[in-house]
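[1] sequence unknown, structure follows:
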């Protein structure tokens, strides 16, 4: 079976990997648009943290993500957990967060300092989600593409006739807004800071009544700070308001971030449905995987399996093999 996968972001590459594992001959159409979302992602594999504001389906589909990514790219996932903190005036936010999820333990000030020495004396208590992990999206996407190429998955930048393929899987994300019913855009913004004055071993989430941010260590003094969620499909540069909020929040985690170098800012539009949960369905002559919202790296492996199931269902008895 020869399958065309449209899109080379996290959805497209994980689908291509799953199809290849099942013996399909795969071609990936890479238009270069993956930078719009996948390369701006935090890369947090944090289903219990996400459960605080998401449906239980996110937890159920995402709790195996660490093992799934480790199978695809051994050694690329950091299994150091997630630390959730709040300023002294917003301690009620920690209690609210804890009441909406599970899989955590409470830490006191000494335990926070033992876990993250850079945060010693800064937070009197915190939530620690020890089963969670994170990865570096930019590194992982490059390595996954290299792995697929070694498995003879072809990458092309244009396709003349999709009828040359037995099936098509569309993973083009925000490009389908206006084509797929109910799909909308959610703008996310982030920045990269560089400083040697702070060392973190895991993502740190700072809670705030108005907005919450995360800081993800990338190594060598580099930190990703994100991410806003704005109901708009505008994909222009980061706004001054968002930049100030992200910087202020980083400063609240550690004052040394005030002297950090801002080495990059970025904004992208994430595709989402009304329930903020992705869908896999057959539309016309293609399987469509879309709506990953802010859960791209967390849910892509599970959704890729669903997409591959639909593809191979066409060749099974009762299917619609071409």
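    Arrived safely, thanks for sending. Please read these numbers as outputs of a predicted model, since none were measured by experiment.
[2] low-confidence ranges, the stretch 1-150 of the chain, go.
    Low-confidence regions of the stretch 1-150 of the chain, defined here as pLDDT under 70, cover residues 33-36.
[3] what about the strands in it?
    2-6, 25-29, 44-45, 82-85, 105-108, 125-129, 133-134 (DSSP state E, counting those that start in this stretch).
[4] with the stretch 201-322 of the chain instead?
    204-206, 213-219, 222-226, 261-272, 279-283, 286-290.
[5] longest single helix anywhere in this structure?
    The single longest helix within the chain, with elements called by DSSP state H, is helix 296-313.
[6] and the angle for that one with strand 2-6?
    Our comparison of helix 296-313 with strand 2-6, counting by axes from the mean of the first three to the mean of the last three C-alpha atoms, to 10 degrees, yields an angle of 150 degrees.
[7] domains of this structure?
    Domain assignment of the chain by automatic domain parsing yields the ranges 1-79+133-180+275-322, 82-130+184-272.
[8] including mean neighbour count, could those domains go into JSON lines?
    All C-beta atoms are positioned from the backbone trio N, CA, C, and that covers glycine. Written out in JSON lines, the entries for the domains of the chain read as follows (neighbours: other C-beta atoms under 10 Å):
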{"stretch": "domain 1-79+133-180+275-322", "mean neighbour count": "19"}
{"stretch": "domain 82-130+184-272", "mean neighbour count": "17"}
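[9] out of the strands of the stretch 1-150 of the chain, which comes closest to residue 254?
    When the strands of the stretch 1-150 of the chain are compared by C-beta to C-beta, strand 82-85 sits nearest residue 254, at 10.6 Å.
[10] which regions of the stretch 151-300 of the chain lie under the pLDDT threshold?
    Counting by pLDDT under 70, the stretch 151-300 of the chain has no low-confidence residues at all.
[11] now do the helices in it.
    Assigned by DSSP state H, counting those that start in this stretch, the stretch 151-300 of the chain shows helices spanning 240-253, 296-313.
[12] what's the angle from the longest one to strand 286-290?
    The reference is to helix 296-313. When the same axes, to 10 degrees is applied, the directions of helix 296-313 and strand 286-290 differ by 160 degrees.
[13] now helix 296-313 against strand 279-283, angle please.
    Here helix 296-313 runs at 40 degrees with respect to strand 279-283, directions being taken by the same axes, to 10 degrees.
[14] gap between helix 296-313 and the chain center?
    15 Å (C-alpha atoms, centre = their mean, to the nearest Å).
[15] and if you look at stretch 7-23?
    Computed by C-alpha atoms, centre = their mean, the chain-centroid distance of stretch 7-23 equals 16 Å.
[16] how far away is residue 202 from residue 161?
    According to C-beta to C-beta, to the nearest Å, residue 202 and residue 161 sit 48 Å apart.
[17] no wait, residue 102
    Here residue 102 is placed at a distance of 50 Å from residue 161 (C-beta to C-beta).
[18] what does residue 72 give?
    Using C-beta to C-beta, residue 72 is found at 30 Å from residue 161.
[19] do residue 278 as well
    Distance check for residue 278 against residue 161: by C-beta to C-beta, it reads 28 Å.
[20] wait, residue 124 sits on residue 109?
    Yes: the pair residue 124 and residue 109 passes the contact test of C-beta atoms under 8 Å, sitting 4.6 Å apart.
[21] quick one on the thing from earlier: got TSV for the strands of the stretch 1-150 of the chain, with distance to residue 247 too?
    Shown next, in TSV, are those (distance: least, C-beta to C-beta, whole Å):
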stretch	distance to residue 247
strand 2-6	37
strand 25-29	37
strand 44-45	20
strand 82-85	17
strand 105-108	26
strand 125-129	22
strand 133-134	21
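[22] closest to residue 291 out of those strands?
    The closest approach between residue 291 and any of the strands of the stretch 1-150 of the chain, judged by C-beta to C-beta, belongs to strand 2-6 at 15.5 Å.
[23] counting contacts, what elements does that closest one pack onto?
    The elements that strand 2-6 packs onto, with contact taken as 3 or more C-beta pairs under 8 Å, 6 or more residues apart in numbering; DSSP states H and E, are helix 10-21, strand 25-29, strand 167-170.
[24] got the contact list for residue 12?
    Neighbouring residues of residue 12 by C-beta atoms under 8 Å, 6 or more residues apart in numbering: 5-6, 28, 30, 34, 169, 171-172.
[25] from residue 311, how far out is it?
    Counting by C-beta to C-beta - residue 12 and residue 311 are separated by 13 Å.
[26] find residues that contact each of those two.
    Jointly contacting residue 12 and residue 311 under the rule C-beta under 8 Å, 6+ apart are residue 169.
[27] quick check, residue 15 in contact with residue 289.
    Yes: under the contact definition of C-beta under 8 Å, residue 15 touches residue 289, with a separation of 6.4 Å.
[28] what about stretch 165-182, distance to the chain center?
    Per C-alpha atoms, centre = their mean, the displacement of stretch 165-182 from the mean C-alpha position of its chain is 19 Å.
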